[in-house]
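S.K.: Just a sequence and a predicted model for now, questions to come.
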Amino acid sequence: MSDELKDRIIKLLVKDELVSTRSKIQDSYPDRSLSEAAEVTRFCPSPTGFVHIGAIFTATICQYLARQSDGVYFLRIEDTDKKREVEGAKQLIANQLTAFDLTPDEGLQANGEEIGEYGPYTQSERKNIYLAYAVDLIKRDRAYPCFATKDELDAAVKDQISKKLRPGYYGEWAIWRDRTDEETSQALDSGKSFVLRFKSIGNHNKRIEFNDAIKGKMSLPENDLDVPLIKSDGSNLPTYHLAHVVDDFLMKSTIITRGEEWLPSTPLHIEIAQSLGIEPFKYAHTPVLSIIDPSGGGKRKLSKRRDPEADVDFWIKAAYPMRSIKAYLLGLANSNFEDWYKQNPEADLSDFPFSLKKLSTSRSPLLDIKKLEDYAKDEIASMPQSHFNKEVLQWANIHDKTLYEEMMIDSDYTKKVLCIEREGENPRKDVSKWSDSSDQFGYFYDSIFESNFLPSAICDLDEHVSTEDQISAIKSLLSTYDHDVDKDTWFENMKLAAKKDGYALNRKDLKANPENFKGGLADFAKIIRVYLTGKTRTPDLYTIMQIMGAERVKKRLSSS
RNA sequence: GGCCCUAUCGUCUAACGGUUAGGACACUAGAUUCUCAAUCUAGCAAUACGGGUUCGAUUCCCGUUAGGGUCACCA
């Protein structure tokens, strides 16, 4: 292309934007004064209104790499596709990162402010920077305008497939690559919009080798695709490919951690970097999280649409302790984490020596909610009581107002309720998330008990036990009931009541002569439990009764 | 279809070329002065298949098969 034609294209491209020169821009992005070993990592989501749990996984890796090397971990919002952008999504990302203790060192914060010297950290605000680099590429004969229509491109791909050729804009299929200046000028004259394409000099039959920090030595075909660099949709924004190279160069990223799905386009990114005289980056391609398809399709990628747990909002709403989610993800990333965690149960998770090399190179790990809940139960069970109380109340205050208000009415009572079976060597582990609170503690409060617990529980009980048996069991218990005795005496009393009402006191008797009894002690206890709590699974009855107090116990039992 | 990645219990994974193939979660059974939970004990359970190389292969090589990714003016 002649210089005049280049100038014409450049003018059309930058229009009236204030595009600086490339060297001027680079001057305003000085070297970070960090140690040799320091890693500068980036987490770069698109603001599509949804933060994927896999993104938390990737961000966690970024954070660890930076923190452990005294480097920097920054957040960059990749919003070059204005069609897909969802309002408010940008801030949501910052908020949710903070919720997972992944607040970036630079970039948008939960309070709405942007910090850092290497910004702006939102790509749409960097348009003129990309344009400066695009101009540079035109001048270097490494970019050219393409006027092909969508239909033309689709037809070409169709043709390529029918001829069993590799689809794409390359070689003879790159129809605007080798046009004469006259043809290009004519197209410009007609006012048609164009996309600025990269002029690749790669050869698909040659291979390029690079070292992936996770996968090791990689060998892929060179890129020969003339991909779009600047869109023609009127936004003048760059595609991911150009934006990634320019931004990570200017922001001084030392390692590109990103999903495995980017692996095939890495040769392209290397070529773009080289065409700009930029040293190619170090890449680390991380595995993508999957899930078992509930409809029986086997393993597949976690999908935003079908799997609620793919959205971090699910975890935040269910209110799993963040520390346990993190611990679980860390265990997925480094299998030696489990041992470390067992040996250092109290330790700050950030002290775990994370290693990229230990990251499994294998296929996408499956999200195992059961295992995560196991972490969560341990975490909650071993939590100091004050912390536990705070979390329960905090959750209720936001998500279960009725429970919260009841809990606040008699805070001494609530304190006792929340302590149940949490002390000693083997605390209960039936709470894995704070949203369990409603079901776990609601029945201690009379109005909630009467509306939410008792009716359905009685229905279930009716299916197995006759009303007469229910009434007689309760009566029998009440007749011997003495609230102010120790546990052993209380238990003896209950056994007496059960025996009197026709229940076997030990399993052997019941097994030997089942026809002689209404059931075992367990069956008797179940009736009492249901009338007292509206549940068939609760902590120890004696403890519950002691906390509820004689009056409440008698009232609930008499209601039968 | 081309290219790429991957293949160890149901799941996540460990094993300098020499292990009885280990752990965790899940599951099953038993123990525990009531239910449930917890806890303890025991149990179940894997190197995709076929060829090489080697004294010896889960490990290295080749092929087959299977899964995943990617081939957009989405990132």
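M.R.: On my side now, so go ahead. Model, not experiment: these values are computed from the prediction. Numbering: from 1, shown residues only, chains lettered A, B, ... in the order given.
S.K.: mind showing which ranges of chain A have poor pLDDT?
M.R.: A:16, A:290-307, A:362-363, A:506-514, A:559-560 (pLDDT under 70).
S.K.: Would you mind splitting it into its domains for me?
M.R.: Partitioning chain A according to automatic domain parsing yields domains covering residues A:3-15+A:127-286, A:445-558.
S.K.: between these, which one is nearest to A:Val51?
M.R.: A:Val51 lies closest, by CB to CB, to one member of the domains of chain A: domain A:3-15+A:127-286, at 13.9 Å. Where C-beta positions appear, they are placed from N, C-alpha and C, glycine not excepted.
S.K.: Any residue of that closest one touching RNA strand B?
M.R.: Yes. Contact between domain A:3-15+A:127-286 and RNA strand B is present through A:148-150, A:153, A:157, A:164, A:166-169, A:193, A:195, A:215, A:218-221, A:227-228, A:231-233, A:237, A:239-240, A:260-265 (criterion: CB under 7 Å from any atom of the strand).
S.K.: hang on, the earlier thing: between the domains of chain A, which gets nearest to A:Thr361?
M.R.: Among those, if distance is taken as CB to CB, the winner is domain A:3-15+A:127-286, at 5.5 Å.
S.K.: Tabulate the domains of chain A (a markdown table), appending mean neighbour count and distance to A:Glu309.
M.R.: A markdown table is the format used below for the domains of chain A (neighbours: other CB atoms under 10 Å; distance: least, CB to CB, whole Å):
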| stretch | mean neighbour count | distance to A:Glu309 |
| --- | --- | --- |
| domain A:3-15+A:127-286 | 17 | 18 |
| domain A:445-558 | 16 | 25 |
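S.K.: The ones you listed: which one's closest to A:Glu114?
M.R.: Within these, the stretch nearest A:Glu114 is domain A:3-15+A:127-286; the backing value is 13.2 Å (CB to CB).
S.K.: Ramachandran coordinates for A:Pro145?
M.R.: Backbone dihedrals for A:Pro145, given as degrees, to the nearest 10, come out at phi -80, psi 150.
S.K.: how about the nearest residue to it, chain neighbours excluded?
M.R.: Distance criterion CB to CB, 6 or more residues apart in numbering; nearest residue to A:Pro145, sequence neighbours excluded, is A:Phe194 at 3.9 Å.
S.K.: quick one on the thing from earlier: among the residues of domain A:3-15+A:127-286 next to RNA strand B, which lie within strands?
M.R.: The strands, defined by DSSP state E, take in A:195, A:218-221, A:228 from these.
S.K.: Just the closest of these to A:Leu478, please.
M.R.: Within these, distances to A:Leu478 taken as CB to CB reach their minimum at A:Met218, with 75.5 Å.
S.K.: follow-up on the earlier one: need the contact list for the residue nearest to A:Pro145.
M.R.: With contact set as CB atoms under 8 Å, 6 or more residues apart in numbering, A:Phe194 has these partners: A:145-147, A:187-188, A:232.
S.K.: same check, this time on A:Gly49
M.R.: When contacts are counted by CB under 8 Å, 6+ apart, A:Gly49 touches A:86, A:88-89, A:92.
S.K.: One more pass at 7 Å, please.
M.R.: Residues touching A:Gly49, when contacts are defined by CB atoms under 7 Å, 6 or more residues apart in numbering, comprise A:86, A:89.
S.K.: try A:Phe281
M.R.: Counting by CB under 7 Å, 6+ apart, A:Phe281 makes contact with A:248, A:253, A:256, A:273.
S.K.: all strands for the stretch 351-500 of chain A, in order.
M.R.: When secondary structure is read from DSSP state E, counting those that start in this stretch, the stretch 351-500 of chain A shows no strands.
S.K.: show me where the stretch 151-300 of chain A has helices.
M.R.: Taking DSSP state H, counting those that start in this stretch as the criterion, the stretch 151-300 of chain A contains helices spanning A:181-189, A:240-250, A:266-275.
S.K.: how far off helix A:266-275 does the longest one point, in degrees?
M.R.: Just to be clear, that refers to helix A:240-250. With axes from the mean of the first three to the mean of the last three CA atoms, to 10 degrees defining the directions, helix A:240-250 sits at 50 degrees from helix A:266-275.
S.K.: what does the stretch 401-550 of chain A put close to RNA strand B?
M.R.: Residues of the stretch 401-550 of chain A that fall close to RNA strand B, judged by CB under 7 Å from any atom of the strand: A:421, A:426-430, A:488, A:491, A:521-522, A:525-526, A:529, A:536-542.
S.K.: Show me these that map onto helices.
M.R.: Secondary structure assignment by DSSP state H places A:488, A:491, A:521-522, A:525-526, A:529, A:541-542 of those in helices.
S.K.: How far does stretch A:100-109 stretch from one end to the other?
M.R.: The stretch stretch A:100-109 measures 13 Å between its terminal residues, going by CA to CA, to the nearest Å.
S.K.: Which residue does the stretch 51-200 of chain A have closest to RNA strand B?
M.R.: Taking CB to the nearest atom of the strand as the measure, the point where the stretch 51-200 of chain A comes nearest RNA strand B is A:Glu78, at 2.9 Å.
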